[in-house]
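In: just a sequence and a predicted model for now, questions to come.
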Amino acid sequence: MEPFIAHRLTNGEKDCITHGKIPHQRLNIKRARESLLLFKEIMDKHKAKFWLMYGTLLRAIRDGDFIEWDRDIDLGSFESDAEKRWPAILELIDNGFNVLRTDPVGNTVQFLREDTEIDLASYEPYTRRGHDMWRWSRFVEPHDYFTGFEEIDFLGTKFLIPEKWEMFLRDHYKGDIWKTPNPRCKHGKLYRI
């Protein structure tokens with residue numbers, strides 16, 4: 001595996017890129033749509049697989065669009081595809097996506113385009129207490145979440161989502177309450193390691 005994103009972007013000077021605390025603000029829905037569609041166009045061009053995660057997955061399934069209290073765009077990818085993502089990341093930067101943060105553990109990266117934050121988690125296989133899991137940064141997810149994917153229509157195009165999306169949403173949003181819009185809804189199960 002080649003050096004992580006931060007090594008490449010800083011000519012080997014940094015293990016990770018961090019930013020000062022930026023205020024989480026609500027998404028401008030029009031700009032969020034534009035940013036995600038441009039992100040997808042560039043990733044697809046480089047055959048770099050990614051899928052909708054967390055709140056973005058929830059909104060795509062339940063609402064079919066971003067909603068007024070969204071604060072960022074959550075996406076997932078596999079660490080094993082990091083080499084395919086590298087040329088896409090360079091093209092994203094050329095198209096106004098700034099790298100705000102990377103992770104010293106892998107190739108998880110947070111972008112900012114105009115006022116839209118996009119978090120791209122990079123999952124790698126991990127074993128925890130004898131169980132197969134997926135790890136990104138300091139968090140793990142059950143292996144079953146990402147054993148298969150399906151496509152859905154979102155924002156007028158096709159996006160990948162985990163095949164077991166309903167189990168994923170129930171686990172992360174405390175049962176079936178994900179089905180009811182709630183601006184104070186928080187993630188449920190996120191395991192730190």
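Out: Ah, there it is.
In: make it CA atoms for all contacts and neighbour counts henceforth
Out: OK.
In: next up, the contacts around the spatially most central residue of the chain.
Out: Closest residue to the average C-alpha location of the chain: residue 75 at 2.1 Å, with C-alpha atoms, centre = their mean. Listed by C-alpha atoms under 8 Å, 6 or more residues apart in numbering, the contact set of residue 75 reads 50-54, 56, 118-121.
In: would you map the strands across the chain?
Out: 51-52, 73-78, 98-102, 109-113, 116-128, 131-136, 139-142, 149-154, 157-162, 191-192 (DSSP state E).
In: can I get those strands in a markdown table including mean pLDDT?
Out: Formatted as a markdown table, the strands of the chain follow (pLDDT from 0 to 100):
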| stretch | mean pLDDT |
| --- | --- |
| strand 51-52 | 98 |
| strand 73-78 | 96 |
| strand 98-102 | 91 |
| strand 109-113 | 94 |
| strand 116-128 | 93 |
| strand 131-136 | 92 |
| strand 139-142 | 89 |
| strand 149-154 | 98 |
| strand 157-162 | 98 |
| strand 191-192 | 56 |
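In: which one, of the ones you listed, ends up nearest to residue 18?
Out: Across the strands of the chain, residue 18 has its closest neighbour in strand 98-102 (4.6 Å, C-alpha to C-alpha).
In: still on that earlier bit, in the sheet, which residues pair with the residue nearest to the centre of the chain? Tell me.
Out: Under DSSP bridges, the beta-bridge partners of residue 75 are residue 52, residue 120.
In: for residue 130, see how far away it is.
Out: According to C-alpha to C-alpha, to the nearest Å, residue 75 stands 27 Å off from residue 130.
In: got it, and residue 80?
Out: The gap separating residue 80 from residue 130 is 22 Å, by C-alpha to C-alpha.
In: equivalent analysis for residue 93, please.
Out: 40 Å.
In: same question, residue 9
Out: 36 Å.
In: can you check residue 104 too?
Out: Between residue 104 and residue 130 the computed distance is 25 Å (C-alpha to C-alpha).
In: those two: which has the busier surroundings?
Out: Counted by other C-alpha atoms under 10 Å, residue 104 and residue 130 do not tie: residue 104 has more neighbours, with 16 against 7.
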